[in-house]
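> Okay, here's the prediction I keep looking at, along with the sequence it came from:
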Amino acid sequence: MNNDMTKFLKGLKNNFSDQKPVTIVMGNEAADLDSIVSAVTYAWYLYLSDSSQKPFPLINIPRADFKLRTEAVFLFEEAGINIDHLLFVEDVDLDKLKAGGKLKLVLVDHNKLASGQAGLETAITGIIDHHADEESYPPAAVTDIRPVGSAATIVAEYFLKDQREAIDKSLGTLLLGTILLDTVNLDPEAGRVTDDDSKAAKELIDIAGLDSKKLFDKLQFEKFNVSSLGSYDLLRKDYKEWQLGSVKLGIGSVLLPIEKWVSKDPEIASECGRYLKERKLDVLLAMNAFTLPEFTRQLVVYVPDNSLRADTVAFLEGSDLGLEKLNVNSSANSCTFYNQKNLGISRKKLQPILKDHFEG
Ligand SMILES: [Mn+2]
């Protein structure tokens, strides 16, 4: 029996063909660590159980976005897996597979397809998930949906039950790392962990000889370690946009102090400009939030249009945000930098405030 997951993953691109029936194992469109790891490991489990199903994991985001998941970049490196071998959305034409009657779709870490993929629903044959069951799949689909802390826990249970010998350092690292991150290191205080998560994690630690404290601390650090990302990627890592009347607003959440950002990238304003143009925005905000060691919020306002900038800045300065202008050594006069003293106003809360202003 071929027990080498790395070998299986290395062959994915060469072995994939949209001319032959395949089973695609796919996580949700947010493609967090749980979705990515569950897809990769469950496809490997299916392959070990019955390779004739031709299982292929599919990472449900463009390849270029993978580097934004810094914790996933770290964990795959730690597991010794080169992500160049993995299949991303642009590598597989799911609609074509389905139209040709060649698609079996297994969902992991979600049980209802995103609206853009809803046309694939009748191709769903299986589901492994830990979210509330939305019952948006064919009745014949084989489902295992349970409210555990991580979908990776359910995948781990399958391996522990009947593919134990496949649990090596690489597979163990992927599964354990994901379970630890999703359950905040199995901490009951965080309210995410269940007995099943703890049990699976403990067995993985024993079998693969892993140091869970070390792994969790590194993952937690890497999740917030955005030092590898440039301004453009910092802005799009955690980004939302809205059309508010005639104003198109985009807000990026950035996990870095403005001072650090500006010293890292003195061209911050031109990068904001590129970002704004590409997304046809009128107003671009960056809400910086970080713990260093005190939780701190800051705000960057980028509006190229002079009168709209004057209006936006005046409105924000007069609002409850508690803005305090920050003197930052940047030549950009279309960028305004602030400390935000009111820590209670997150993006979720700021959006409706701006909606009232721009639509009112
Ligand atoms: Mn999940």
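Received the coordinates, thanks. Just so it is clear, the model here is predicted, and its values are computed rather than measured. Residues are numbered from 1 along each chain as shown.

> I'd assumed residue 147 was in a helix, is it?
No - using DSSP: H, G, I helix; E, B strand; the rest coil, the assignment for residue 147 is coil, not a helix.

> Tell me the spacing between residue 288 and the ion.
Distance from residue 288 to the ion, counting by CB to the ion, to the nearest Å: 27 Å. To be clear about C-beta, it is placed using only N, CA and C from the backbone, and glycine gets the same treatment.

> Report the beta-bridge partner residues of that residue.
Counting by DSSP bridges, residue 288 is bridged to residue 254, residue 298.

> I figured it hits residue 256, correct?
Yes - Residue 288 lies in contact with residue 256 (CB atoms under 8 Å); the separation is 6.2 Å.

> Quick one: residues contacting the closest residue to residue 21 other than its chain neighbours.
With CB to CB, 6 or more residues apart in numbering as the criterion, residue 21 has its nearest non-adjacent residue at 4.6 Å, and that residue is residue 102. Taking CB atoms under 8 Å, 6 or more residues apart in numbering, we find residue 102 in contact with 18, 19, 20, 21, 22.

> Go again with 10 Å.
By CB atoms under 10 Å, 6 or more residues apart in numbering, the contact list for residue 102 reads 17, 18, 19, 20, 21, 22, 24, 54, 96, 123.

> okay, and the common contacts of residue 288 and residue 256?
Joint contacts of residue 288 and residue 256 (CB under 10 Å, 6+ apart) are 234, 298.

> The ion contacts on the stretch 101-250 of the chain?
Applying CB under 5 Å from the ion, we find that the stretch 101-250 of the chain lies next to the ion at 109, 151.

> ok, 6 Å please
Within the stretch 101-250 of the chain, the positions near the ion by CB under 6 Å from the ion are 109, 130, 150, 151.

> can you give me the mean pLDDT across the strand or helix carrying residue 44?
When elements are assigned from DSSP states H and E, residue 44 belongs to helix 33-49. Helix 33-49 shows a mean pLDDT of 98.

> From here on, call the first residue 384.
With 384 as the first residue, the last one maps to helix 416-432.

> how far does that helix sit from the chain's center?
17 Å (CA atoms, centre = their mean, to the nearest Å).

> and if you look at stretch 574-588?
Counting by CA atoms, centre = their mean, stretch 574-588 comes out at 22 Å from the chain centroid.

> in it, what's buried?
Buried residues in stretch 574-588, counted by 16 or more other CB atoms under 10 Å: 575, 576, 577, 579, 580, 581, 583, 584, 586, 587, 588.

> of these, closest to the ion?
residue 575 (10.1 Å; CB to the ion).

> gap between the closest one and residue 530?
With distances taken as CB to CB, to the nearest Å, residue 575 is found 10 Å from residue 530.

> what about the helices in the chain?
388-393, 395-398, 416-432, 453-461, 477-482, 534-545, 552-565, 578-591, 595-606, 614-620, 641-647, 651-661, 689-700, 730-742 (DSSP state H).

> Look through this protein and report the residue furthest from the middle.
Taking CA atoms, centre = their mean, the residue of the chain most remote from its mean C-alpha position is residue 690, at 36.4 Å.
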